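1. With the input below, show me the fold.
(chains A and B)
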Number of protein chains: 2
Amino acid sequence: MSEPLKLGLAGLGTVGIGVINLLRTNGDLLTARAGRPMQITAVSARDKTRDRGVDLADYAWVDDMRDLAARDDVDVVVELVGGTDGPALDLAQAALKHGKGFVTANKAMIAHHGLELAATAEAGNLPLKFEAAVAGGIPVVKGLREGASANAIERIYGILNGTCNYILSQMEDTGADFADVLADAQELGYAEADPTFDIEGVDAAHKLAILASIGFGARLDFDAVRVTGITQVQAADIAQADTLGYVIRLIAMTDVEQKDGEGSTLLQRVRPCLVSKDHPLASVDGPTNAVVAEGNFSGRLLFQGAGAGDGPTASAVVADLIDIARGEVGAPFSIPVADLEAMAPTEPGHRMERTYIRFTVADRPGVLAEITAAMRDAGVSIESLIQKGRPNEGGDVLVAMVTHEGQERSVQQALHLLDGSDSLTAPPLVLPLLRN
Amino acid sequence: MSEPLKLGLAGLGTVGIGVINLLRTNGDLLTARAGRPMQITAVSARDKTRDRGVDLADYAWVDDMRDLAARDDVDVVVELVGGTDGPALDLAQAALKHGKGFVTANKAMIAHHGLELAATAEAGNLPLKFEAAVAGGIPVVKGLREGASANAIERIYGILNGTCNYILSQMEDTGADFADVLADAQELGYAEADPTFDIEGVDAAHKLAILASIGFGARLDFDAVRVTGITQVQAADIAQADTLGYVIRLIAMTDVEQKDGEGSTLLQRVRPCLVSKDHPLASVDGPTNAVVAEGNFSGRLLFQGAGAGDGPTASAVVADLIDIARGEVGAPFSIPVADLEAMAPTEPGHRMERTYIRFTVADRPGVLAEITAAMRDAGVSIESLIQKGRPNEGGDVLVAMVTHEGQERSVQQALHLLDGSDSLTAPPLVLPLLRN
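-> Now for the predicted structure:
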């Protein structure tokens, strides 16, 4: 039997404890698959005295997690602390500098600093892996980096945030409004006390930026992700979508445009979309995640599973460790960092799409004429005006419509024409229809 | 740039030509991802003169494909000929003996001879890969071998034959009967001239046996797969299933039973099942494949995509080649052949399931009493008698029912009690309800 792979574990929250439990529960199996035992030698967390329900006596305790990087009894540092910068990033840099492998579930750090870390790892021929950073237990980093590696990827899209998907599918099932479902989700542990990163789409954007880089050989560009969260989606929108044969899902999508002689541009966006009920993503309910990758030879590949939770996340972390134990050390983003292409962000105004638009308007004559005139003037063709509801307590009514396929900028222009109109009592909501 | 990976390609049918087209179309991308160029040096097929629409002038032509194995200008042999034994197997053995890597899409050969080939590959530290042998372009071999590698797998099941799935979903959409849809499928190229291996479930069984070995660390045992094809499924069954909220799919399923002190037994079966419409597999239509793996930490993972076709199959073949170019050489069945466990087949009589049973009976008094008495005597509890239809041209009627959950053997016993009864004018059809 070969030497064990010795692990230093930073972070003993639910995922850290999940990794310990997984290594203990599946130990013999993992040794057989990895070809060698995997063994935690040292752990670090903020509070040594806290009872985590797991016996830590076999592991050396390290007060400052950055000290894991220099230990002789650590081959791979596993970082499950989180945070874009700060100690997690210090630890990553120190680990690679000391010639250790590095495995993390930290999507924010990889989305912001993945390339510099990967460059360091590549220079040292060290493994840097982050399967758990994207879509929890679903092997989608591997799916893109290896499984679909023979393809020019044409589009990647999916449901990357379990909290939003839980909220939207609960709104769908119960008819309740966003705020109520969010409160329930927080009570049930599906949403955090401060849910901003989830419901505003930032978490999904972190994951999307990572997938875009791997899929398209593009330099990571988190700041270029165009993000709209789900906070403006109302129960009425979901009901309207339903009558049209759609559900609403927070969709992360990325693709590349190539123009002759001008290089490629990268579109990355996270926004709630109407998804046709006959699309595989429409039946993705609750905290489940799913990713579609469209390859030029494979066609549409779908990966689906649990997007979060201690078990699934631990599954992804330990899969990375098995790869490392088996000797798999490759470019973290599929091709070496130096060869990744810097792509300017795509300005999507010329993109063609069908759009759902919901206006909140004052209940008085002429409002509909004003809206439809703006549409006409901007060249937006209305396919159906699907509702003019009853006034709510404040005297407002909702007007919802679906456009024919047209340029995105036309819709924006129509809304611009309505800017400042006192007929509109709240900002309109624009939801694209996901192209099948 | 490193040395190219030199390929000898056996078989120039649609998949072989697909591989050539893929290598040409995506060449630069593949070189970037693989870290080195991949280059076909020699090809072999039966007929040198046939026009395949592709220029083969750059490649050495080899009349006897087995000669690819000994060529100095070949690092990896790619076998796309097919056949359980014969030349394909000779080529595989010769390639490994000559120290070449070996990549194949040949499910029948791997299902029958995978272990002996893997043992040879392992002894020589050579790559042997067969992603394309299971579920076409879906990276499910990799998904199990690597993506889900941290888990004890509890169950693997899915839709592994695109021909059957096409036929069943067409029957569903059109109401047509099996024979008519099969004829259409043959005309459209979704079914072969001799469709026996597909419609009798043998093709799905090949794939299932491979997945079972990888997922459970079991020695491959194709002969133990219990196979029922789809030829007995009638339009009436699909209509009945629909009214109950189900669709009918050919489901390949495998799991392991552990009994204290007695070792593990392996259940492998392929059979048409009723799948609840809210299950992800129910919406898998046409020639699409999908595989679910349930891990003890990951939970349910779903992989879905095109199960056949030249593009998807070439995508899987070339993904294997990229892995090889990147230096990935591991145990083909995830753990070394010597460590795979020989598992006896599970006798599933004690398994609990709900069952759909359809009888074809003579239209006369007392038949229903005879059937229900047999059910009672065998301890089968009927949940609902869902149809007693009108007589067909031959004067027969269909009687369909769904049982409460009970042991499989009870249903078998009830049917046994009805053996030889002249009330039954055709053998009954038993379709289990897939457990969600």
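2. List the residues that contact A:H279.
-> A:434, A:436 (CB atoms under 8 Å, 6 or more residues apart in numbering or on different chains). C-betas here are computed from N, CA, C, even on glycine.
3. pLDDT wise, what is it at?
-> At A:H279, the predicted lDDT confidence score is 93.
4. Quick check: the gap between it and A:L433.
-> For A:H279, the distance to A:L433 (CB to CB, to the nearest Å) stands at 10 Å.
5. what do you get for A:Y190?
-> For A:Y190, the distance to A:L433 (CB to CB) stands at 27 Å.
6. Could you give the number of residues near A:F130?
-> Counted by other CB atoms under 10 Å in any protein chain shown, the residues lying close to A:F130 total 26.
7. looking at it, it is touching A:T104, isn't it?
-> Yes - the pair A:F130 and A:T104 passes the contact test of CB atoms under 8 Å, sitting 5.2 Å apart.
8. who touches both of these two?
-> Common neighbours of A:F130 and A:T104 (criterion: CB under 8 Å, 6+ apart): A:I110.
9. Up against chain B, what does the stretch 101-250 of chain A have?
-> Proximity of the stretch 101-250 of chain A to chain B is confined to A:137-139, A:142-143, A:146-152, A:217 under the rule CB under 8 Å from any CB of the partner chain.
10. from these, which two are the most distant?
-> Spanning the widest gap among these are A:G137 and A:A152, at 27.4 Å by CB to CB.
11. more neighbours, those two?
-> Taking neighbours as other CB under 10 Å, A:G137 and A:A152 compare with A:G137 leading, 31 against 19.
12. now that one: how far from B:G27?
-> A:G137 is 34 Å from B:G27, by CB to CB.
13. what's the answer for A:S381, then?
-> Note on A:S381: its distance to B:G27, by CB to CB, is 43 Å.
14. what's the distance between A:L301 and B:D90?
-> 34 Å.
15. Those two: who's more crowded?
-> A:L301 (27 against 14).
16. List the contacts of that one.
-> Residues in contact with A:L301 (CB under 8 Å, 6+ apart) are A:143, A:147-148, A:292-295, B:137-139, B:303-305.
17. Read off the pLDDT value for it.
-> Per-residue confidence (pLDDT) for A:L301: 98.
18. got it, and A:G389?
-> Taking A:G389 on its own, its pLDDT is 66.
19. again, but for the one 5 residues further on
-> Model confidence at A:G394, expressed as pLDDT, equals 77.
20. check contacts around the spatially closest residue to it that is not a sequence neighbour.
-> Spatial nearest neighbour of A:G394, excluding adjacent residues (CB to CB, 6 or more residues apart in numbering or on different chains): A:T425 at 7.4 Å. Counting by CB under 8 Å, 6+ apart, A:T425 touches A:360-362, A:394, A:396.
21. Swap in 10 Å and give it another go.
-> A:359-363, A:367, A:392, A:394-397 (CB atoms under 10 Å, 6 or more residues apart in numbering or on different chains).
22. Is the residue nearest to A:V337 when sequence neighbours are not counted part of a helix or strand, or is it coil?
-> Among residues not flanking A:V337 along the chain, A:A119 sits closest, at 4.4 Å (CB to CB, 6+ apart). Following DSSP: H, G, I helix; E, B strand; the rest coil, we place A:A119 in the helix state.
23. Backbone dihedrals for A:H113, please?
-> Phi and psi for A:H113, reported as degrees, to the nearest 10, are phi -130, psi 10.
24. For it, grab the count of nearby residues.
-> Residues contacting A:H113 under the criterion other CB under 10 Å number 19.
25. next one: A:L434
-> Counted with other CB under 10 Å, A:L434 comes out at 20.
26. Neighbours of A:L368, how many?
-> Neighbours of A:L368 under the rule other CB under 10 Å: 16.
27. So what does it look like in phi/psi?
-> Dihedral pair for A:L368: phi -60, psi -40, per degrees, to the nearest 10.
28. Likewise for A:P345?
-> Backbone geometry at A:P345, expressed as degrees, to the nearest 10, gives phi -70, psi 140.
29. Let me see the contact set for the nearest residue to it once chain neighbours are set aside.
-> Once flanking residues are discounted, A:P345 sits nearest to A:A224: 4.0 Å by CB to CB, 6+ apart. Residues in contact with A:A224 (CB under 10 Å, 6+ apart) are A:205, A:209, A:212, A:218, A:265-269, A:343-346.
30. ditto for A:A185
-> A:162-164, A:166-167, A:170, A:191-192, A:195, A:198-199, A:287.
31. The same query, at a cut-off of 6 Å, please.
-> Contact analysis of A:A185 by CB atoms under 6 Å, 6 or more residues apart in numbering or on different chains lists A:166-167, A:191.
32. What of A:I382?
-> Residues in contact with A:I382 (CB under 6 Å, 6+ apart) are A:375, A:401, A:403.
33. tell me which residues of whichever strand or helix holds the first one are tucked away?
-> Secondary structure assigned from DSSP states H and E places A:M375 in helix A:367-378. Neighbour-count burial for helix A:367-378, counted by 16 or more other CB atoms under 10 Å in any protein chain shown, picks out A:367-368, A:370-372, A:374-375, A:378.
34. now do stretch A:423-436
-> A:423-425, A:428-434.
35. swap in stretch A:408-424?
-> Going by neighbour count (16+ other CB under 10 Å), the buried part of stretch A:408-424 is A:408-411, A:413-415, A:417-418, A:423-424.
36. List the ones among the residues you listed that fall in helices.
-> Under the assignment DSSP state H, these contribute A:408-411, A:413-415, A:417-418 to helices.
37. can you put those in a markdown table and add pLDDT and distance to chain B?
-> Output for those, formatted as a markdown table (pLDDT from 0 to 100; distance: CB to the nearest CB, whole Å):
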| residue | pLDDT | distance to chain B |
| --- | --- | --- |
| A:E408 | 97 | 29 |
| A:R409 | 97 | 32 |
| A:S410 | 97 | 34 |
| A:V411 | 97 | 31 |
| A:Q413 | 97 | 38 |
| A:A414 | 97 | 35 |
| A:L415 | 97 | 35 |
| A:L417 | 97 | 41 |
| A:L418 | 97 | 39 |
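38. got those as TSV, with distance to B:H113 columns?
-> Listed next are these as TSV, based on distance: CB to CB, whole Å:
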residue	distance to B:H113
A:E408	55
A:R409	60
A:S410	61
A:V411	60
A:Q413	65
A:A414	65
A:L415	64
A:L417	70
A:L418	70
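39. hang on, the earlier thing: cross the contacts of A:A224 against strands and list the overlap.
-> Within the contacts of A:A224, residues falling in strands by DSSP state E are A:265-269, A:344-345.
40. With respect to B:E328, which of the ones in helices among the buried residues of stretch A:408-424 is nearest?
-> Of all those, A:E408 has the smallest distance to B:E328: 42.1 Å, by CB to CB.
41. Count the neighbours of the closest residue to the closest one other than its chain neighbours for me.
-> Excluding the flanking residues, the one nearest A:E408 by CB to CB, 6+ apart is A:R351, at 5.1 Å. Around A:R351 there are 16 other residues, counting by other CB under 10 Å.
42. Now, of the ones in strands among the contacts of A:A224, which are buried?
-> Buried residues within the ones in strands among the contacts of A:A224, defined by neighbour count using 16+ other CB under 10 Å: A:265-269.
43. Of the contacts of A:A185, which belong to helices?
-> Short answer: the contacts of A:A185 in helices (DSSP H) are A:166-167.
44. Each with direction, which strands does the helix or strand of chain A with the lowest mean pLDDT pair with?
-> Using mean pLDDT, DSSP states H and E, strand A:382-388 stands out as the lowest-scoring helix or strand of chain A, at a mean of 82. Sheet partners assigned to strand A:382-388 using DSSP bridges are listed as strand A:396-403 (antiparallel).
45. now the partner strand and helix A:408-418, what's the angle there?
-> Going by axes from the mean of the first three to the mean of the last three CA atoms, to 10 degrees, strand A:396-403 is angled at 150 degrees with respect to helix A:408-418.
46. No further questions, thank you.
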